[in-house]
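# fold the following for me, if possible:
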Amino acid sequence: MISLAYLIHVERIFDSYGQAGLVLAATSLGQAIAGPLTSRWMGRWGMRPVIGATIVVSLISMGAIAFIPMALGGYVLFGLLGGLATPPIQPAVRTIYPKMVNSRQLTPLFSLDASAQEIIWIAGPVVTTFLAIQIAPPVAIGAAAIMLIVGGLWFLASPEVGSVRIPPSRRRLGTVLAKGPVLLATVVGFLLIGSAAAVEVAVVSVFGEEGSEAGILLAMWAIASLIGGLSFGGLPIGPWAMAVRMVVVALGMLLAIASTNFWWLLLTLAISGAGIAPALAVMFAIVSASVKFSETAEAYGWVGSGQLIGAALGSAVAGFTIDAFGSPGGFVAAFAFAALGTLVAAVFKSAHPDLRDRDASPIPDTEPVTIQSGGSSVG
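Next comes the predicted model:
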């Protein structure tokens, strides 16, 4: 919601998508940097202090952009600041999951999480566009701020946030990316969300910002993703799981290129949507099963950063291809992202753990302990 609201708001002020894009780029850059960094801080200072502080800074940044007239540099600066202060709630909640449920329930829970995330990615921009265009862009920014306050405080009030402590990671920042499953999930997630963002832009370009058809299509796409996540979330996760789910996404995108007819797009987006949440669920599961508990928050921070960069890049690429080739160009861009994601998942299958005979719980943290034996210490 925030990125799109900023784009519409700054464009109206300066009458330039290029200058608005600079603010959006600064915000996305801040978000990408913040993902692994603030996630790592939670292991040092605790979840509540880090999330609470970032919520406050985010609100200050949003208020400044919405209500204080500034030169372009001011908007860029506050956009970067707000991006850097993105609350690390997604890494926090996915770190808590293994402590909330037993190992058999963990993969279905990741699937439910992925379904909810996909609905957020689709519904958020629809709400933002409606408020920004029908009322005013600052109202859309204010709505995002209200959701941030309510959702943030609701999450911070959860007992699990206080009872689960993330051990501080002993490795350097970024070392977790050396683990194949984390890097694979980050790259494929980047391409998957890039594809979804391109579809969003393409659908809006077909039916315009004013009509209801775009909103209906995106809503049905979200429902298809939710159904897919709930239906296939409990399936065993073998080494081909991510590639197979990405094939479903890419197939729907490919078919969408053929026609911009409403009913055809409804069918093809339903096909692609059925694979999105299951693919995300696989990413969350293989990351969880491949890192130590102390590394989970940072690992999910990198995955989230990849998705944020993918969303920004997917929207930008779709905009260029739509300008060059019309609305079908946006679906071509979406298919290209999804097809490349499928290829990466297939080629680097060896980095994908086989979870068919094991659960997705993180690797326990271990450390040397001192044992007293016969009056001497043994390390």
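# how about the CA coordinates for stretch 333-340, as CSV?
Extracted in CSV, the C-alpha atoms of stretch 333-340 (Å, rounded to 0.1, in the frame of the first residue of the first chain):
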residue,chain,number,x,y,z
ALA,A,333,6.7,-9.6,-18.7
ALA,A,334,4.9,-11.6,-16.0
PHE,A,335,5.4,-14.8,-18.0
ALA,A,336,9.1,-14.0,-18.4
PHE,A,337,9.6,-13.6,-14.7
ALA,A,338,7.6,-16.7,-13.9
ALA,A,339,9.4,-18.8,-16.5
LEU,A,340,12.8,-17.7,-15.3
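# which residues does it contact?
With contact meaning C-beta atoms under 8 Å, 6 or more residues apart in numbering, stretch 333-340 is reached by 191-192, 194-196, 198-199, 202, 246, 249-250, 253-254, 256-257, 272, 310, 314, 317-318, 321. The C-beta positions use only the backbone N, C-alpha and C, and glycine is treated the same way.
# now with 7 Å?
191-192, 194-195, 198-199, 202, 246, 249-250, 253-254, 257, 314, 317-318, 321 (C-beta atoms under 7 Å, 6 or more residues apart in numbering).
# average pLDDT for that stretch?
Averaging pLDDT along stretch 333-340 yields 95.
# how about the nearest residue to residue 240, chain neighbours excluded?
Leaving aside its sequence neighbours, residue 240 sits nearest to residue 349 (C-beta to C-beta, 6 or more residues apart in numbering; 6.5 Å).
# residue 81 versus residue 74, what's the distance?
11 Å (C-beta to C-beta, to the nearest Å).
# likewise for residue 50?
16 Å.
# tell me the SS of residue 357?
coil (DSSP: H, G, I helix; E, B strand; the rest coil).
# quick revisit: ok, the residue nearest to residue 240 touching residue 241?
No - checked against C-beta atoms under 7 Å, the pair residue 349 and residue 241 is beyond contact range at 9.7 Å.
# neighbour-wise, which of these two wins?
residue 241 (26 against 15; other C-beta atoms under 10 Å).
# my guess is the more buried one contacts residue 281, does it?
No - judged on C-beta under 7 Å, residue 241 makes no contact with residue 281 at a distance of 9.2 Å.
# so between residue 74 and residue 81, which is more surrounded?
Taking other C-beta under 10 Å, residue 74 and residue 81 do not tie; residue 81 has more neighbours (18 against 14).
# quick one: neighbours of the nearest residue to the more buried one once chain neighbours are set aside, just the number.
Counting by C-beta to C-beta, 6+ apart, residue 81 lies nearest to residue 61, which is 4.9 Å off, once chain neighbours are set aside. Residue 61 has 24 neighbours, counted by other C-beta under 10 Å.
# I'd say residue 114 and residue 229 touch.
Yes - Residue 114 is within contact range of residue 229, at 5.4 Å (criterion: C-beta under 7 Å).
# which of the two has more residues huddled nearby?
Ranked by neighbour count (other C-beta under 10 Å), residue 114 and residue 229 place residue 229 first, with 29 against 25.
# who touches that one in this structure?
With C-beta under 7 Å, 6+ apart, residue 229 has these contacts: 111, 112, 114, 115, 277, 278, 281.
# can you mark which positions in whichever helix or strand the fifth one is part of are buried?
Just to be clear, that refers to residue 277. Residue 277 belongs to helix 262-290 when assigned by DSSP states H and E. Within helix 262-290, the residues scored as buried using 16 or more other C-beta atoms under 10 Å are 265, 268-290.
# now do it: which elements does it pack against?
Counting contacts by 3 or more C-beta pairs under 7 Å, 6 or more residues apart in numbering; DSSP states H and E, helix 262-290 packs against helix 103-134, helix 180-207, helix 213-232, helix 241-256, helix 296-325.
# fine by me, we can end here.
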